[in-house]
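In: Below are the sequence and a predicted model for it; my questions follow.
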Amino acid sequence: MNISEGMNPRQMEAVEYTEGPLLILAGAGSGKTRVLTHRIAYLIEEKQVPPYQIMAITFTNKAAQEMRERVDRIVSFGAEQVWVSTFHSSCVRILRRYADRIGYGNNFTIYDTEDSKTLMKAIIKKLNLDTKTFKDRSLLSAISAAKNEMISPEQYRKDAGIDWKLRKIADVYDEYQEQLRSNNAMDFDDLLVNAVELFTQCPEVLESYQERLRYLMVDEYQDTNTVQFRFISLLAQKYRNLCVVGDDDQSIYKFRGANIENILSFEKIFPDAKVVKLEQNYRSTGNILSAANEVIANNKGRKEKKLWTENGDGPLVNYRQFLTGFEEAEYIAGEISKKVRTEHSRYRDFAVLYRTNAQSRLFEEKFLMANIPYKIVGGINFYARKEIKDLLSYLKVLDNAEDDLAVQRIINIPKRGIGAASIGKAQEWADFHGISFFDALLEAEMIPTMGRAASKIRSFTSLIEVMRAKAEYLSVKEILELVIEETGYVAELQAEDTEEAQARIENIDELISKIVTYQDETENPTLGGFLQDVALVSDIDSVDEDSDYVLLMTLHSAKGLEFPHVFLAGMEDGIFPSYLTITSDDPGDLEEERRLCYVGITRAMKELTMTSAKQRMIRGETQYNKTSRFVREIPRELVDMGRTFEEVKQKPQVDPQPKSGLYGAMKSLYQTNSFQPRQFKVTKADHLDYEVGDTVRHVKFGVGIVKAIVEGGKDFEVTVEFEKAGVKKMFASFAKLKKI
DNA sequence: CTCTTGAAGGTTTTT
DNA sequence: CCTTCAAGAG
């Protein structure tokens, strides 16, 4: 394949400039992923660079995977040897080999936010801190901020001076790191910090990577923080082939330590850097782009640029205001149904973006009612669910005996009669003798204060040891099944016989299938490998391009994605921009919020609709908000205001009643199926696991009895009489009915 | 030691 | 609103 095919001169310039530092300022939709993939292809095919000497850092695992696939398509061989991954995964990969050089075991555990919080609570207790003045959350964010700036506990203490509170935080920071180390665990920030630490302490390790990774590329460079920058510049130091791609207008992760200076002063740091600007947008219509340009122009201190496009103007940007969030959601659901029915759109062409995860609820409710297939990205992580964390903790304990936190989580799950008091005693013993918590448990009989809990602890430790011995010879899936078997975890849930327990069992089944997928896709699957993958997945990674559903997510999650139709919901001052940024005395906060808006607008290819509600329930209280200032920053002539709210009220476009809404949506589905020849991505099951007369459960409507099943062309139409919701007709593939 | 109950308090955004 | 935490009974 010809590498220059379909590329504009600017893009080619970036592709062909392979030696020395290069900054690509790539506006939204300017084809930066294309440039990166073609650049990799160019290096391999034209410059004869061995693929394993190329490293590309992306923002999410999904982006990494996509990039690899795209390179694979243009390059004849070797795409799989290119090192493509996120900062965090890259660091883990390096640390798995060399963590022992800096005092960790190579099988270290990765702590997620919840683990960190648990640990922090224990520390607050241990150091006897006043929980009013020292909150776990704020302590953790102080520590995280310090780590992102590569400030060690010692340095933090020095900087604290005589400030009493800061000195206390330094104590906490110190203790926190100490504990992590003795648990052989790292939190997210440690992965970066420790990789840099490794490079600094072991120059020979650094050099081996410098030699190996001679061509470096960093995507979403505007969102790198100080440690990440340090990591990448250490690697680039020797050969100086560093190519970074970013857009200062899309920097939205300041709260995570992103340092916008990294991109703004790239040319100062690398005076010989070449700069290429990509300003032609291939994604959006002219009107959408103008709206985006107008909004972002209100920010100061940005690199001057103006995106342009050869695409037509397209329709105006829509703005609709509603009385309540309820109606807003109903409108969006109705619009999507209508467009799927009347235009050649599919569900996957739509995305609903909002500022906070909490806003997803209303949409979920309405979409369920309207039978619109959807997927919510973000919110509570699958791996953060109780039942999943419990089982994973067992796996962690089997994998890393020093992970005290995991041991403490499961020691009394299921109930073994080992309570907080006994755990405290064992912990004291462990602290006193300088051994791990699990080792203290092994000596439980020797702990004088322990009493009769000792025998219970004995049976727990032997359970673990027996399982650990067996695990040597088992696959990851078999290990999990062993844990489930030995602990009776699922059996206990089955005995509960509640809807909630049933849902948990389903989650556990999903965990098992995730393990199977991991085993199938990984060359050399191990327990540790699986746990590591799990720790670093983000929700967006699981979005499947081939399936047909509407995506619901926060503006942050939407970064890097594009959709023909985008809804920006909750465009209200106080929601977006959020109340906190409006009241903040740092004007930079509002600018970051505006960049977030810019990101949102530029996700849209063909049509953009912004919506707001006059009143909205927040934490059980009704709030009255003005239209977002960001909407008002868009010139009136670019905006279609639609009918006013009152007019809409009189002549509803959407059926206001849930019942008729449901019916209408169903009808629309049916019509789409019948008159649209294009394959409507509904996978019709060849049989249903329930039949007429069976009792089934629906996520929304609850329990009911199947009254009729009609086989349609594309799907089964099922009629169910629900105990509470009455009689409903629905399509089998969307309704996801479960026989009970 | 476990379970229930009630009150209090808290909110962006994520690897 | 929804989760989390403390206190009290069994």
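Out: Great, that's in hand. Owing to the predicted nature of the structure, the values given are computational and were not obtained by experimental measurement.

In: Need the outlier residue of chain A, farthest from its centre.
Out: Distance from the centre of chain A peaks at residue A:448, with 47.1 Å (CA atoms, centre = their mean).

In: so where does that one fall, helix or strand?
Out: In this assignment (DSSP states H and E), residue A:448 forms part of neither any helix nor any strand.

In: Could you check how far it is from DNA strand C?
Out: Distance, residue A:448 to DNA strand C, using CB to the nearest atom of the strand, to the nearest Å: 24 Å. Backbone N, C-alpha and C define where each C-beta goes, glycine included.

In: Can you check the pLDDT for that residue?
Out: pLDDT, residue A:448: 78.

In: how about stretch A:365-373, does it get close to DNA strand C?
Out: No - shown here: stretch A:365-373 not in contact with DNA strand C (CB under 7 Å from any atom of the strand), separated by at least 10.4 Å.

In: In PDB, please show the C-alpha coordinates belonging to that stretch.
Out: Taking Å, rounded to 0.1, in the frame of the first residue of the first chain, the C-alpha atoms of stretch A:365-373 are listed here in PDB:
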ATOM      1  CA  GLU A 365     -34.300   4.600  32.400                       C
ATOM      2  CA  LYS A 366     -35.700   6.200  29.200                       C
ATOM      3  CA  PHE A 367     -33.700   4.000  26.900                       C
ATOM      4  CA  LEU A 368     -34.800   0.900  28.600                       C
ATOM      5  CA  MET A 369     -38.400   2.000  28.300                       C
ATOM      6  CA  ALA A 370     -38.000   2.900  24.600                       C
ATOM      7  CA  ASN A 371     -36.200  -0.400  23.900                       C
ATOM      8  CA  ILE A 372     -33.100   1.400  22.600                       C
ATOM      9  CA  PRO A 373     -30.000  -0.700  22.900                       C
END
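
In: any idea of the mean pLDDT in it?
Out: Stretch A:365-373 carries an average pLDDT of 87.

In: Equivalent analysis for stretch A:723-735, please.
Out: For stretch A:723-735, the mean per-residue pLDDT is 68.

In: hang on, residue A:451 in a strand?
Out: No - Residue A:451 is assigned coil when assessed by DSSP: H, G, I helix; E, B strand; the rest coil, not a strand.

In: Do I have it right that residue A:35 meets residue A:27?
Out: No - at 12.0 Å, residue A:35 does not count as touching residue A:27 under the criterion of CB atoms under 8 Å.

In: intersection of neighbour lists for those two?
Out: Common neighbours of residue A:35 and residue A:27 are listed as residue A:278 (criterion: CB atoms under 8 Å, 6 or more residues apart in numbering).

In: Tell me how many other residues surround the residue of chain A found nearest DNA strand C.
Out: Nearest residue of chain A to DNA strand C, counting by CB to the nearest atom of the strand: residue A:620, 3.3 Å away. Residues contacting residue A:620 under the criterion other CB atoms under 10 Å number 5.

In: Tell me the confidence at it?
Out: Residue A:620 is assigned a predicted lDDT (pLDDT) of 73.

In: mind listing what it touches?
Out: By CB under 8 Å, 6+ apart, no residues touch residue A:620.

In: Can you name the residues that contact the residue farthest from the centre of chain A?
Out: By CB under 8 Å, 6+ apart, the contact list for residue A:448 is empty.

In: hmm, 10 Å instead?
Out: Residues counted as contacts of residue A:448 (CB atoms under 10 Å, 6 or more residues apart in numbering) are A:425, A:429.
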